[in-house]
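Visitor: 3D, please:
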Amino acid sequence: NSSACTLLMRLLNATFRKLAYQRSRSQLQSRNFSRFQEKTEITFRNLEVSDQEFVWKILRYAANEDSPAAVRAQLSIHKYAAAWGKIQGDFGIAALEKGTPVGAAYGRLWHQEKGYAFVDEETPELILAVFPSHQSKGIGTKLLTKVISSARDHGYT
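Guide: Numbering: from 1, shown residues only. The predicted structure follows:
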């Protein structure tokens with residue numbers, strides 16, 4: 001399990017580096033530097049069952065879909081948010097700006113169904129997204145750090 005967790009973390013790291021590189025190139029080309037200069041206070045809290053609609057919105061961006069409805073319509077993606085928080089092994093962190101959710105990272109443990117990055121029944125799969133208006137501010141990095149800590153708190157090593 002430790003090697004599987006290490007492999008998953010390496011894959012996530014590589015993905016985030018690639019996305020950060022692509023995003024920074026795009027922003028430099030468009031000369032939109034204002035997003036780097038904005039300073040806002042971001043707070044974090046655990047995701048709750050009552051955050052179900054927000055989890056659908058997060059999955060929309062994580063899956064690069066046009067809308068939460070598009071996510072709900074695809075069974076292969078739908079399972080990543082359906083009944084969030086009611087399935088044993090669900091855990092997550094929300095990022096908030098002035099009390100409004102702007103991003104989240106959450107883990108889901110697969111029992112009978114398997115996700116795209118399934119390792120084994122003891123390793124949760126992570127989903128992470130930040131709303132486009134709040135990207136490039138370090139929120140995703142902080143969410144990843146906090147969700148890994150939360151995973152450890154839930155007994156995943």
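
Visitor: mind listing what's buried in the helix or strand that contains Ile58?
Guide: Here Ile58 sits within helix 52-62, counting by DSSP states H and E. Residues Phe54, Val55, Trp56, Lys57, Ile58, Leu59, Arg60, Tyr61, Ala62 are the ones in helix 52-62 that count as buried (16 or more other CB atoms under 10 Å). Quick note: C-beta positions are derived from backbone N, CA and C, even for glycine.

Visitor: I'd say the third one and Ile77 touch.
Guide: Spelled out, it's Trp56. No. If you go by CB atoms under 8 Å, Trp56 and Ile77 don't touch, sitting 10.4 Å apart.

Visitor: shared neighbours, these two?
Guide: Residues touching both Trp56 and Ile77 (CB atoms under 8 Å, 6 or more residues apart in numbering): Val71.

Visitor: what sits against Ala62?
Guide: With CB under 8 Å, 6+ apart, Ala62 has these contacts: Tyr80, Ile127, Leu128, Ala129.
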